[in-house]
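**Q** Curious how this folds, go ahead:
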Amino acid sequence: MDQSQRDLGTLRKSEVIGGLLYLPAFFLVTPILAALVVFFVTGTHVQAELAGPIELVYTAMNAVFLGLLFRHYLLDQWRRLQNRGWAIFADLGFGFLIYFAGAMAISRVMGILQMLLQTEYQNANQEAAEAILAQWPLAAILAACLLAPIGEELLFRGLVFCGLRRKSRTLAYAASMLSFSLAHVLGSMFDQPLSVTLMALIVYLPHSFALAWTYEHSGSIWGSVFLHATLNSFSMLALAAMR
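**A** Predicted structure coming up:
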């Protein structure tokens, strides 16, 4: 079957409406709410010292709320994953290779951009993850390797990609890739030059393309969830090795 024609399932009307309402909250409200919850529980307001618990609460809120909201979709997608059988491992393998090849190509592009713009690029999101891993290793692992893949895949692949793909496959890829990249740079985009923010957006394009491809090819959102968890696990191992 042509992968562009593969049936990825559909979201219920209530799931679409709930997801669209939650999407801006994911960017703007839940990060603040998670910080307030941690501040209230701990009785301290030193955010730098509580980055790990805040990230854990934030990703847990997203995963739990979206998991409940999209529960019927998740069950249907699990059945689709079972129907895929052992082929899911080939899907994940190809998805990883697509990510790796894309990351290598983007690294060359980044080198050229840094030379042309005379800007030293530093990944603020990666630096934050490294700091959390050093101080709160369990929180970092749970957030990055378990909770974030569920919440982010439901939003950016389940809601955005799947929702738009019936209208335009190209638009579905573009919108899911851009929104996913934006989610990873929003926290630092106002504290750095525009050129650095644009480069940060580019860095996450291989991730989001590989995840959307895996979802489309496997026919199940769980395929992209597992790949997302795998990529984040490798990132955690790499950060730990550099310490």
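
**Q** got a list of what the residue nearest to the spatial centre of the chain touches?
**A** Nearest residue to the geometric centre of the chain (C-alpha atoms, centre = their mean): Glu152, 4.6 Å. The contact partners of Glu152, taken as C-beta atoms under 8 Å, 6 or more residues apart in numbering, are 62, 180, 183, 228. Bear in mind the C-beta positions are built from the backbone N, C-alpha and C, glycine included.

**Q** separation between the residue located most distally from the centre of the chain and Leu50?
**A** Computed with C-alpha atoms, centre = their mean, the residue of the chain farthest from its C-alpha average is Gly43, at 30.4 Å. For Gly43, the distance to Leu50 (C-beta to C-beta, to the nearest Å) stands at 11 Å.

**Q** can you check Leu23 too?
**A** Distance, Leu23 to Leu50, by C-beta to C-beta: 26 Å.

**Q** When those two are compared, which one has more neighbours?
**A** Ranked by neighbour count (other C-beta atoms under 10 Å), Leu23 and Leu50 place Leu50 first, with 21 against 16.

**Q** Quick check: pLDDT value at the nearest residue to that one once chain neighbours are set aside.
**A** The spatial neighbour of Leu50 that comes closest, neighbours along the chain excluded (C-beta to C-beta, 6 or more residues apart in numbering), is Val38 at 5.3 Å. On the pLDDT scale, Val38 is placed at 92.

**Q** Based on its surroundings, how many neighbours for Val38?
**A** 21.

**Q** name the element it belongs to?
**A** Secondary structure assignment for Val38, by DSSP states H and E: helix 30-42.

**Q** Please give the centre-to-centre distance between that helix and its chain.
**A** Its chain's C-alpha centre and that of helix 30-42 lie 21 Å apart, by C-alpha atoms, centre = their mean, to the nearest Å.
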